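Enquirer: Provided below for reference: sequence and predicted model.
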Amino acid sequence: MAECYALNVSGSQAVAYYYTDFPICRVSDDFRVTYWTTQLRGCRELAVTRSRALLTAQYNDPPGIGYVGLLEGNDFRSVGQVRFLLPDGTQIPTHSFVGRGRHLYYFDAAGAYRATLD
């Protein structure tokens, strides 16, 4: 691991997404490590459930873009691109998110917003 781009710590598990190969790596409460390879590069935050992940924009993506997919076998299988929008329908203007468990949070002067993997 050269640099951790995204770290999601929730309860007794930690999930990291890191440079250079950008896998998703989960360390469980019993220190068991599970990896999923991805084709995504440069995402800065992620939300995770047992079988799914939501990652923020890659290198050169505009703000407010994300990727949702399934954690299957040893691979993250992307099932779609998403847009993060504010309640008034405008796109989120920055790449600043915080991931905790199955949630991605975005904060600005007007409030706090949450995207959730159900």
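Expert: The structure has been received and is ready for your questions. For clarity, every value in this text was computed on a predicted model and none was experimentally measured.
Enquirer: my read is that residue 23 contacts residue 33, right?
Expert: No - in this structure, residue 23 is not within contact of residue 33 by C-beta atoms under 8 Å, at 10.5 Å. Bear in mind the C-beta positions are built from the backbone N, C-alpha and C, glycine included.
Enquirer: neighbour count: those two, which is higher?
Expert: Between residue 23 and residue 33, counting by other C-beta atoms under 10 Å, residue 23 is the more crowded of the two (18 against 8).
Enquirer: can you tell me the SS state at the residue lying closest to the more buried one once chain neighbours are set aside?
Expert: Distance criterion C-beta to C-beta, 6 or more residues apart in numbering; nearest residue to residue 23, sequence neighbours excluded, is residue 35 at 4.8 Å. Three-state assignment for residue 35 (DSSP: H, G, I helix; E, B strand; the rest coil): strand.
Enquirer: ok, now which ones touch the residue nearest the centre of the chain?
Expert: Closest residue to the average C-alpha location of the chain: residue 46 at 1.5 Å, with C-alpha atoms, centre = their mean. Residue 46 makes contacts with 6, 8, 15, 17, 24, 53, 54, 55, 56, 99, 104, as judged by C-beta atoms under 8 Å, 6 or more residues apart in numbering.
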